[in-house]
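Trainee: Next comes the sequence, and after it the predicted model I'd like to discuss.
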Amino acid sequence: MTHPARIGGTLVAGGKYHDIDFARLRLLDLLAEHEHARVRVVADYEDAEAIAGGAFLVSYTCDVRPSIEAQQAIRAWVEGGGRWLALHGTNAALDLPRPNGVEAPRAFPVWAETLGSQFVAHPPIQPYEVKIADPEHWLVAGVEGFETDDELYLCEYYGRADLHVLAHTHWQGDAVGFAESDWSAADPEHLVVYLRELGRGAVLYNMLGHCRGHYDMTPLVDWYPAVERCSWDTSQFVELVRRGIRWVLGHDA
């Protein structure tokens with residue numbers, strides 16, 4: 001009887017304004033479905049040498065801004081064959097509060113270009129439709145389009161023509177509360193899940209997965225009134241993450 005070889009990698013879970021504990025636990029549960037996967041958990045990207053020493057990277061962060069050295073090291077790791085499943089706010093840098101609304105400084109250009117996108121704003125949380133863009137691709141095949149009440153990420157894209165779109169949505173309007181709020185004349189297509197190939201490796205980005213508890217907006221407020229689980233409560237999102245984990249562990253179907 002043969003057994004799969006041990007594979008090691010990193011989960012980066014940290015940052016602001018989200019229930020990082022909840023996301024970390026859910027992701028570790030999904031990673032634990034693969035007993036040969038050994039996972040180290042850290043809160044930022046600064047131990048880039050250790051990240052680059054692993055076979056895979058999964059990230060759930062918000063406003064975690066890597067040093068330029070970490071940005072370059074992780075990009076080189078991807079180009080050399082690394083696989084990275086990036087979730088939700090990995091591409092977000094936020095400055096708040098600001099008089100004109102939440103600002104999204106272009107604080108990590110190498111990072112954003114590696115990921116293929118940078119968060120700019122989102123409209124108020126409300127239901128929207130996630131549509132499957134490439135139903136033949138195994139990462140989304142058989143997953144029906146679904147409605148979610150997640151944050152709808154409005155982004156700048158890098159190398160847009162080279163991003164393999166797996167799921168998307170369409171929206172135009174006002175991202176109330178953000179400095180760059182007017183999206184009424186923007187391209188209505190917004191990417192939800194895509195693959196970004198770089199060298200011999202790739203990034204699989206899934207914009208969904210917002211979560212927040214009562215204590216996750218400190219020091220702005222001591223008590224946030226709502227508990228938000230958004231796409232984590234949908235079977236489709238969990239299935240997409242499950243497949244993404246299979247992908248970072250080296251599967252291609």
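Mentor: Everything's here; your move.

Trainee: pLDDT wise, what is the closest residue to P97 other than its chain neighbours at?
Mentor: Counting by CB to CB, 6 or more residues apart in numbering, L220 is the residue found nearest to P97 once chain neighbours are left out, at 7.0 Å. From N, CA and C alone the C-beta is placed, and that goes for glycine too. Note on L220: pLDDT of 94.

Trainee: L220 against V102, yeah?
Mentor: No - using CB atoms under 8 Å, L220 makes no contact with V102, being 10.8 Å away.

Trainee: Are there residues contacting both of the two? Which ones?
Mentor: Counting by CB atoms under 8 Å, 6 or more residues apart in numbering, the contacts common to L220 and V102 are L96.

Trainee: higher neighbour count, the two?
Mentor: Legend: neighbour count by other CB atoms under 10 Å for L220 and V102, higher for V102 (19 against 11).

Trainee: Please name the bridge partners of R196.
Mentor: Applying DSSP bridges to R196 gives these bridge partners: L163, V203.

Trainee: ok, now which ones touch it?
Mentor: Residues counted as contacts of R196 (CB under 8 Å, 6+ apart) are 114-116, 159, 162-164, 202-205.

Trainee: Show me which of those residues is closest to A76.
Mentor: Set against A76, the nearest of the contacts of R196 by CB to CB is T114 (9.7 Å).

Trainee: Give me the neighbour count for the nearest residue to that closest one once chain neighbours are set aside.
Mentor: Nearest residue to T114 in three dimensions, chain neighbours excluded: R75, at 4.5 Å (CB to CB, 6+ apart). Counted with other CB under 10 Å, the neighbours of R75 add up to 22.

Trainee: what sits against D134?
Mentor: Counting by CB under 8 Å, 6+ apart, D134 touches 140, 164-166.

Trainee: Equivalent analysis for H88, please.
Mentor: Contacts of H88 by CB under 8 Å, 6+ apart are 18, 23, 60, 62, 151, 153, 206-210.

Trainee: most surrounded residue in the residues you listed?
Mentor: Ranked by the number of neighbours (other CB under 10 Å), those place M207 first, at 30 neighbours.

Trainee: Please determine how far that one is located from Q118.
Mentor: Shown here: M207 relative to Q118, a distance of 12 Å by CB to CB, to the nearest Å.

Trainee: on that earlier part again, could you list the buried residues of whichever strand or helix holds the residue nearest to T114?
Mentor: For R75, the host element (DSSP states H and E) is helix 68-79. Of the residues in helix 68-79, 70-71, 73-78 count as buried by neighbour count, 16 or more other CB atoms under 10 Å.

Trainee: Out of those, which comes closest to H214?
Mentor: When the buried residues of helix 68-79 are compared against H214 (criterion: CB to CB), the nearest one is A70, at 31.6 Å.

Trainee: wait, the closest one sits on A52?
Mentor: No - between A70 and A52 there is no contact under CB under 8 Å: 9.8 Å.

Trainee: and P105, what does it touch?
Mentor: Counting by CB under 8 Å, 6+ apart, P105 has contacts 93, 95.

Trainee: hmm, 10 Å instead?
Mentor: Applying CB atoms under 10 Å, 6 or more residues apart in numbering to P105 gives the contacts 63, 65, 93-95, 118, 179.

Trainee: just the helices in the stretch 101-250 of the chain please.
Mentor: 109-115, 235-248 (DSSP state H, counting those that start in this stretch).

Trainee: With respect to A37, which of the ones you listed lies nearest?
Mentor: For A37, the closest of these is helix 235-248, at 8.1 Å, according to CB to CB.

Trainee: which stretch among the helices of the stretch 101-250 of the chain comes nearest K131?
Mentor: Here helix 235-248 is closest among the helices of the stretch 101-250 of the chain (CB to CB), at 11.4 Å.
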